[in-house]
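Asks: When you get a sec, could you give me coordinates for this:
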Amino acid sequence: MCIGVPGRITSIKKDGALLMGVVDFGGATREVCLSYVEGDAGIGDYVVVHAGFAISAVDEDEARRTLELLTGLSGTVDVP
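Replies: Got it, this is the predicted structure:
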């Protein structure tokens, strides 16, 4: 199963040919490749991140709705 998590871009830099940035996921920050959303997202914008890559830009309302759904899933799956 794959899941993408929305976060807010807090900084952007070039790393050779790649566009990289720091994304805030509600207090946890990670460096993320932004090359797939270059031109679609900037500092303060929200992106959906999967496996270290921002795969799409989303508006703040969509990001909040998705985070609420993910938060609601907490504890719904039993792991043997």
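Asks: so where do the helices sit in the chain?
Replies: 60-72 (DSSP state H).
Asks: who touches the top strand by length along it?
Replies: Assignment by DSSP state E gives strand 5-15 as the longest strand of the chain. Under the contact criterion Cβ atoms under 8 Å, 6 or more residues apart in numbering, strand 5-15 has outside partners 19-26, 29-30, 32, 34, 41-50, 54, 58, 62-63, 66-67, 70. Backbone N, C-alpha and C define where each C-beta goes, glycine included.
Asks: From the residues you listed, list the buried ones, please.
Replies: Among the contacts of strand 5-15, the ones that count as buried by 16 or more other Cβ atoms under 10 Å are 19-23, 32, 34, 41, 45-49, 54, 58, 63, 66-67.
Asks: Okay, and which of these map to strands?
Replies: Using DSSP E, the subset of those located in strands is 19, 20, 21, 22, 23, 32, 46, 47, 48, 49, 54, 58.
Asks: Residue 46: what's it in contact with?
Replies: Neighbour list for residue 46: 6, 7, 8, 9, 57, 58, 59, 60, 62, 63 [criterion: Cβ under 8 Å, 6+ apart].
Asks: Before I go, just wanted to say thanks for your time.
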